[in-house]
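A.B. asks: Quick one, fold the following:
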Amino acid sequence: MISASLAGLGRASLGLIAGVGRAVIFAAQTLVALIRPPFYLKEFLQALLTIGYFSLPVVGLTALFTGAALALQIYAGGARFSAEQVVPSIVAIGMTRELGPVLGGLMVAARVASSIAAEIGTMKVTEQIDALVTLSTDPMRYLTVPRVLAATLAVPVLVGVGDAIGIFGGYLVGVTRLGFNPANYLQNTVDFLEFWDVGSGLVKGAVFGFLVALVGCYYGMNSGRGAQGVGRATKSAVVTASVMILASNYILTEAFFTS
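C.D. replies: Numbering: from 1, shown residues only. Sure, this is the predicted structure:
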């Protein structure tokens with residue numbers, strides 16, 4: 001029994017290491033393909049529209065309600081120490097540094113990683129990827145590169161828009177519900193918000209976008225046969241992308257804000 005348990009643990013560990021190795025090789029191949037022609041502009045523009053523009057409503061609504069709820073929570077906590085005036089600055093810093101990039105990345109992961117994995121997985125099941133190879137078209141350059149590049153460029157823009165909408169949500173709650181003076185609220189936001197607060201969030205957005213598209217393409221390319229294989233690839237893409245966003249967020253925060 002002990003030998004069987006150890007053997008099972010060993011097989012699981014080797015499978016995990018092999019999976020990580022395949023993912024790293026896939027990421028390296030994607031990076032190489034990003035700087036080598038040919039480039040498929042039409043596919044890139046279509047991916048940019050799908051990932052960026054069509055994700056704006058869900059990212060905007062998420063940011064709006066997050067900023068509003070954050071203002072209420074900070075006001076309630078600050079009231080215990082007579083520090084209600086910190087609401088504008090904490091809402092702005094919290095949205096730009098952490099909540100804007102992370103929640104925006106998670107929303108994009110839920111929408112985009114699943115879509116990419118399902119689309120490419122279906123193409124694999126229906127042998128469309130094999131057809132691309134037959135036509136001397138590299139699936140990596142035709143399918144993966146446009147989506148990864150589009151996500152890397154689009155998600156920081158979504159994060160920037162989400163930051164502005166989230167701060168506006170906090171402003172609405174602060175002015176209409178918490179009794180803040182509109183001019184003072186805006187002035188406190190501007191006074192305490194620094195360039196790197198916004199810049200760090202945009203860098204995080206670029207990293208999150210790269211990871212989301214890369215994970216979606218990886219699981220789509222390696223999906224199993226049939227509807228069940230595509231379903232498993234879609235589920236795995238969303239879960240993996242979400243975990244990688246949270247893990248990379250900690251690493252980037254440690255690098256950016258720890259001296």
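A.B. asks: ok, residue 147 - contacts?
C.D. replies: 43, 47, 51, 116, 213, 216-217 (C-beta atoms under 8 Å, 6 or more residues apart in numbering). All C-beta spots, glycine's among them, are computed from the backbone N, C-alpha and C.
A.B. asks: From the residues you listed, pick the one nearest residue 86.
C.D. replies: The nearest member of those to residue 86, counting by C-beta to C-beta, is residue 51 at 35.6 Å.
A.B. asks: can you count the residues close to that closest one?
C.D. replies: For residue 51, the count of nearby residues is 27 (other C-beta atoms under 10 Å).
A.B. asks: So it versus residue 146, what's the distance?
C.D. replies: Residue 51 sits 10 Å away from residue 146, going by C-beta to C-beta, to the nearest Å.
A.B. asks: Same question for residue 4.
C.D. replies: In terms of C-beta to C-beta, residue 4 sits 47 Å off from residue 146.
A.B. asks: next one: residue 64
C.D. replies: Applying C-beta to C-beta, the value for residue 64 to residue 146 is 30 Å.
A.B. asks: what does residue 57 give?
C.D. replies: From residue 57 to residue 146 the distance is 23 Å (C-beta to C-beta).
A.B. asks: returning to that earlier point: who's more crowded, residue 64 and residue 146?
C.D. replies: Neighbours per residue, other C-beta under 10 Å: of residue 64 and residue 146, the larger number sits with residue 146, 23 against 18.
A.B. asks: Give me the distance between the lowest-mean-pLDDT helix or strand in the chain and the centre of its chain.
C.D. replies: Across the helices and strands of the chain, mean confidence by mean pLDDT, DSSP states H and E is lowest for helix 2-34: a mean of 82. Between the centre of helix 2-34 and the centre of its host chain there is 23 Å, according to C-alpha atoms, centre = their mean, to the nearest Å.
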